[in-house]
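1. Would you be able to build a 3D model of this:
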Amino acid sequence: MTVQDIRSFNRFYTNVIGALDYGRHLYAPYTLTESRVLYELAHSRRTDAADLRAELSLDSGYLSRILNRFEQDGLVQRAPSEEDPRRRRVTLTARGREAAGLLDERARETVGSLLGSVAPGDRPRLTEAMRTIRTILGDRRPPRAEDVVLREPRPGDLGWIVQRNAALYAAEYGWNTDYEGLVARIVADFAEDHDPHLERVWIAEQWGSPRSSEVESGGGRPVGCVMCVRDEAPGTARLRLLLVEPDARGLGIGDRLVTAVVGFARGVGYRDLVLWTNDVLAAARRIYQRHGFVLTAEKPHRSFGKDLVGQDWRLDLHGAPE
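-> Residues are numbered from 1 along each chain as shown. Prediction:
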């Protein structure tokens, strides 16, 4: 790759972005930078002025002028930070949230129109290409635990669970497509027939760097998942498909996901929580043990192209700590 290659791509991409706003006044009555600040305030979990300046790489004086205008227009409120009085916390007012929502709606419609011109078969390639550019050229600050939130799945997330399980277990353990088939059946069963009062999926979403530009993600990227579904045994729930992306491990995400399942299962009245795993998944096993799961059975088996030892674990929810 040469400097000219990057400059050529930059000209092409700039033309695409310009075409998105052609005749539509996408950001009106705000500038592009002002719109970015509004978006950040609406979606980021960190809203100190210093965080905004660092996240958007803005000059402090320029950001201050933007915030002054927003405050005069009734879009934001500023107050000393509860964590550090030397810092200024910035929050959107109801009017500010309305303005940010309008900009977001315009952006979704515009980008949706652009995606409509892309053949469905080409969209996964486009997504992967964008992800590759973000990963290689993106901000390399280490992720933080407070940048991760747990949320319910959105459209596309169940497909992500299948894809990431298949890709990660193939890369890390050499499992073949039999495992992808198993995950796909589990996810399909949940999607087609589940009781939302007794069964649930959690997606761990990381905010901050690297930022996702995908419309559907709302500004973050999925880095983990877990499911809680009904088991065949009465009064029993089953924990399934716990996963954390390699670059997000070490932040306690797996522990938080299991905590969410345990709390949910106990809250809706299950007596026991069970799971099936394999002995090679040592990190996940340690999480289960910390939560009080007890190994109840082991059995060698040949699955996913490998010789494995399957394990059944059980947690007595009546005896589990609150």
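
2. and residue 293, what pLDDT?
-> Residue 293 carries a pLDDT score of 97 in this model.

3. all strands for the protein, in order.
-> Using DSSP state E, the strands of the chain run over residues 76-80, 88-92, 148-151, 200-206, 221-230, 236-244, 272-278, 294-303, 306-316.

4. Would you mind putting these into a markdown table with distance to residue 108 and mean neighbour count alongside?
-> The C-beta positions use only the backbone N, C-alpha and C, and glycine is treated the same way. Listed next are the strands of the chain as a markdown table, based on distance: least, Cβ to Cβ, whole Å; neighbours: other Cβ atoms under 10 Å:
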| stretch | distance to residue 108 | mean neighbour count |
| --- | --- | --- |
| strand 76-80 | 23 | 14 |
| strand 88-92 | 18 | 18 |
| strand 148-151 | 18 | 16 |
| strand 200-206 | 18 | 23 |
| strand 221-230 | 17 | 22 |
| strand 236-244 | 28 | 22 |
| strand 272-278 | 38 | 20 |
| strand 294-303 | 42 | 11 |
| strand 306-316 | 41 | 16 |
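
5. Save these as JSON lines, and put in distance to residue 266 too.
-> Output for the strands of the chain, formatted as JSON lines (distance: least, Cβ to Cβ, whole Å):
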{"stretch": "strand 76-80", "distance to residue 266": "38"}
{"stretch": "strand 88-92", "distance to residue 266": "34"}
{"stretch": "strand 148-151", "distance to residue 266": "17"}
{"stretch": "strand 200-206", "distance to residue 266": "13"}
{"stretch": "strand 221-230", "distance to residue 266": "11"}
{"stretch": "strand 236-244", "distance to residue 266": "9"}
{"stretch": "strand 272-278", "distance to residue 266": "8"}
{"stretch": "strand 294-303", "distance to residue 266": "16"}
{"stretch": "strand 306-316", "distance to residue 266": "9"}
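
6. Of these, which is nearest residue 161?
-> When those are ranked by distance to residue 161, counting by Cβ to Cβ, first place goes to strand 221-230 at 5.1 Å.

7. before we move on, the earlier item: out of the strands of the chain, nearest to residue 193?
-> Distance to residue 193, taken as Cβ to Cβ, is lowest for strand 221-230 among these, at 10.4 Å.

8. what mean pLDDT does that closest one have?
-> Taken as a whole, strand 221-230 carries a mean pLDDT of 95.

9. Next, the angle from it to strand 236-244.
-> 170 degrees (axes from the mean of the first three to the mean of the last three Cα atoms, to 10 degrees).

10. Neighbouring strands of strand 221-230 in the sheet, and parallel or not?
-> Strand 221-230 sits in its sheet next to strand 200-206 (antiparallel), strand 236-244 (antiparallel), going by DSSP bridges.

11. With distance to residue 98 added, can I get these in a markdown table?
-> Converted to a markdown table, the strands paired with strand 221-230 look like this (distance: least, Cβ to Cβ, whole Å):
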| stretch | distance to residue 98 |
| --- | --- |
| strand 200-206 | 24 |
| strand 236-244 | 36 |
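
12. Make CSV from those strands and add distance to residue 87 and mean pLDDT to it.
-> Formatted as CSV, the strands paired with strand 221-230 follow (distance: least, Cβ to Cβ, whole Å; pLDDT from 0 to 100):
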stretch, distance to residue 87, mean pLDDT
strand 200-206, 23, 94
strand 236-244, 31, 97
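
13. Let me know which of these is the nearest to residue 222.
-> Closest approach to residue 222 among the strands paired with strand 221-230 is made by strand 200-206 (5.2 Å; Cβ to Cβ).

14. Just the buried positions in stretch 95-102, please.
-> Across stretch 95-102, burial judged by 16 or more other Cβ atoms under 10 Å covers 96, 99, 100.

15. For residue 114, state which of these is nearest.
-> Here the nearest of the buried residues of stretch 95-102 to residue 114, counting by Cβ to Cβ, is residue 100; it sits at 21.0 Å.

16. To residue 184, which of the strands of the chain lies closest?
-> Nearest of the strands of the chain (Cβ to Cβ): strand 236-244, 11.0 Å.

17. Convert that closest one to CSV, retaining C-alpha atoms only.
-> Extracted in CSV, the C-alpha atoms of strand 236-244 (Å, rounded to 0.1, in the frame of the first residue of the first chain):
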residue,chain,number,x,y,z
THR,A,236,-34.8,-25.8,35.7
ALA,A,237,-33.1,-23.2,33.5
ARG,A,238,-30.2,-23.9,31.2
LEU,A,239,-27.3,-21.5,30.6
ARG,A,240,-26.1,-21.6,27.0
LEU,A,241,-23.6,-20.1,24.6
LEU,A,242,-21.5,-18.0,27.0
LEU,A,243,-18.9,-16.2,24.8
VAL,A,244,-16.5,-13.2,25.2
